[in-house]
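> from the sequence below, what's the structure:
(2 chains)
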Protein chains: 2
Amino acid sequence: MEVRVNAAMSADGKLSTVRREQVAISGSADFDRVDAMRAEADAVMVGIGTVLADDPRLTVKDRTRIDARADRGVSDQPARVVADSRARTPLEATVLDERAPTYVLVSETAPEENVQALDSAGATIVEAGDDRVDLVAALGHLENEDIASVLVEGGGELLFSLFEASLVDELSVYVGDVVIGGRDAPTLVDGEGFVDGFPALSHESVERLDSGVVLSWSVSGRDRSPRRR
Amino acid sequence: MEVRVNAAMSADGKLSTVRREQVAISGSADFDRVDAMRAEADAVMVGIGTVLADDPRLTVKDRTRIDARADRGVSDQPARVVADSRARTPLEATVLDERAPTYVLVSETAPEENVQALDSAGATIVEAGDDRVDLVAALGHLENEDIASVLVEGGGELLFSLFEASLVDELSVYVGDVVIGGRDAPTLVDGEGFVDGFPALSHESVERLDSGVVLSWSVSGRDRSPRRR
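Next comes the predicted model:
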């Protein structure tokens, strides 16, 4: 499974404000770049926090790219995947609309009632992990469903879990020309944080886009010894 | 007063781990870049959190740059400034050594005993603000002491206060090839965070350095209307 992570952050590493309100960090050229990345992926994935805060659609917008997918013999739209340990995805979430198939990854602690309702709403439920989604197992399951590449668009809790499980292959970040600030504002990688065995990156490229910069890295593993001074 | 901010952060915007332990984010080329920035400044400033966590020296290391300062008719070393509302700077802090003059900015709530001890230890005390340091007044005081330019090296609480007071003119950030993560890890700009009137940046340059990237912006103010989507 090829896992690419892409997100837009402020110059100080924030994805949104302390109120979890979105800020227009990037612009139309970056939206188009993201659309192209989605079109290349078999699935587009987010965490439940992103669904609750932003209610994203996660589909490819550009008609030419949709047609190109058809020419490649794949579905018009990549699948959508929500990492949602407790099955909190609202039944009215846009991610459950008819535009693309949707997988909801849940853990064994997810209330059966919620799981049933999501199943009835058309989502494919993947259960893996006791308390939280076991991402290695869940992505393994998706791979068995012919999903060989996933574009992950956040948020910071999911990204931490993916980095912790050494599942990330590539990271690209749009850094915008704005400061958001806030010790409690969501950042690119949240979770418990690393104190050792930090994920090490290899710089691939830097590109000016809109009024910001896109930084791209490949992930070279977590095996490197601690990087403390 | 010209205020430049410079710091090194991980790819996800962190200055250190959740334990406030430093991580070697940048390398020798970036240390040299920072040394050059210090040599150009009349003062180098940090917040008390940085003093307590890292005990930095904040001096210019390169002998040629020190000599060049003498040729310009200024002191060998830039002054050091600690924003320290409650006068918590330890008397054994490196920033109080003999290498350079040091200003400690305190508020009226700072315990008189601490203030006296810092004064006896050779620091110049600048009192401004009731509960927290009034940075506009304090920097105004420094300007009266012929400090016309300050390089601010962090941390995130001080940087938020400076951006909030519209005091920052330039921001440069070394983005390293490592992920630190952690919803409670210190970030480039912490504090309460902005929910409106976000500081707007103008991109100046991007430069590869060591195994990372240096992004530089000028700050174009906080007057721009909210940037929400």
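> tell me which residue in chain A sits closest to chain B.
Nearest to chain B, among the residues of chain A, is residue A:13, at 1.4 Å (Cβ to the nearest Cβ). Any C-beta I mention is one placed from the backbone N, CA and C, and that applies to glycine too.
> is chain B within reach of stretch A:166-181?
Yes - contact of stretch A:166-181 with chain B (Cβ under 8 Å from any Cβ of the partner chain) involves A:171, A:173, A:175, A:177, A:178, A:179, A:180, A:181.
> quick one: low-confidence ranges for chain A?
A:223-229 (pLDDT under 70).
> so where do the helices sit in it?
Per DSSP state H, chain A carries helices over the ranges A:28-40, A:48-54, A:63-71, A:112-120, A:135-144, A:156-164.
> same list, those helices, but as JSON lines with mean neighbour count please.
JSON lines is the format used below for the helices of chain A (neighbours: other Cβ atoms under 10 Å in any protein chain shown):
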{"stretch": "helix A:28-40", "mean neighbour count": "17"}
{"stretch": "helix A:48-54", "mean neighbour count": "21"}
{"stretch": "helix A:63-71", "mean neighbour count": "12"}
{"stretch": "helix A:112-120", "mean neighbour count": "14"}
{"stretch": "helix A:135-144", "mean neighbour count": "17"}
{"stretch": "helix A:156-164", "mean neighbour count": "24"}
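> got a markdown table for those, with distance to residue B:88 too?
Listed next are the helices of chain A as a markdown table, based on distance: least, Cβ to Cβ, whole Å:
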| stretch | distance to residue B:88 |
| --- | --- |
| helix A:28-40 | 42 |
| helix A:48-54 | 35 |
| helix A:63-71 | 56 |
| helix A:112-120 | 48 |
| helix A:135-144 | 42 |
| helix A:156-164 | 31 |
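> for residue B:219, which of those helices is the nearest?
With Cβ to Cβ as the measure, helix A:28-40 is the member of those nearest residue B:219 (21.6 Å).
> okay, and which of the residues of stretch A:166-181 next to chain B map to strands?
A:171, A:173, A:175 (DSSP state E).
> residue B:214 is in contact with the last one, correct?
Which is residue A:175. No - using Cβ atoms under 8 Å as the test, residue A:175 is too far from residue B:214 to be in contact (11.9 Å).
> out of the two, which sits in the busier spot?
Using other Cβ atoms under 10 Å in any protein chain shown as the criterion, residue A:175 and residue B:214 rank with residue A:175 on top: 30 against 20.
> any idea how far the more buried one is from residue A:117?
39 Å (Cβ to Cβ, to the nearest Å).
> just residue A:44 next, same as before
23 Å.
> and residue A:206, by the same measure?
Taking Cβ to Cβ, one finds residue A:206 at 45 Å from residue A:117.
> residue A:7 now?
Residue A:7 sits 29 Å away from residue A:117, taking Cβ to Cβ as the criterion.
> could you do residue A:42 as well?
In this view, residue A:42 and residue A:117 are 26 Å apart by Cβ to Cβ.
> what sits against the residue of chain A closest to chain B?
Neighbour list for residue A:13: A:187, A:188, B:9, B:12, B:13, B:14, B:187, B:188 [criterion: Cβ atoms under 8 Å, 6 or more residues apart in numbering or on different chains].
> next one: residue A:56
A:46, A:50, A:94, A:95, A:153.
> just residue A:53 next, same as before
Applying Cβ under 8 Å, 6+ apart, the residues contacting residue A:53 are A:16, A:20, A:22, A:155.
> quick one: the residues you listed as JSON lines, columns for distance to chain B too.
As requested, these are exported to JSON lines (distance: Cβ to the nearest Cβ, whole Å):
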{"residue": "A:16", "distance to chain B": "10"}
{"residue": "A:20", "distance to chain B": "10"}
{"residue": "A:22", "distance to chain B": "5"}
{"residue": "A:155", "distance to chain B": "10"}
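> next, count neighbours for residue A:192.
As a measure of burial, residue A:192 has 15 neighbours, counting by other Cβ under 10 Å.
> chain neighbours aside, what residue packs nearest to it?
The shortest distance from residue A:192 to any residue other than its chain neighbours is 6.4 Å, reached at residue B:182 (Cβ to Cβ, 6 or more residues apart in numbering or on different chains).
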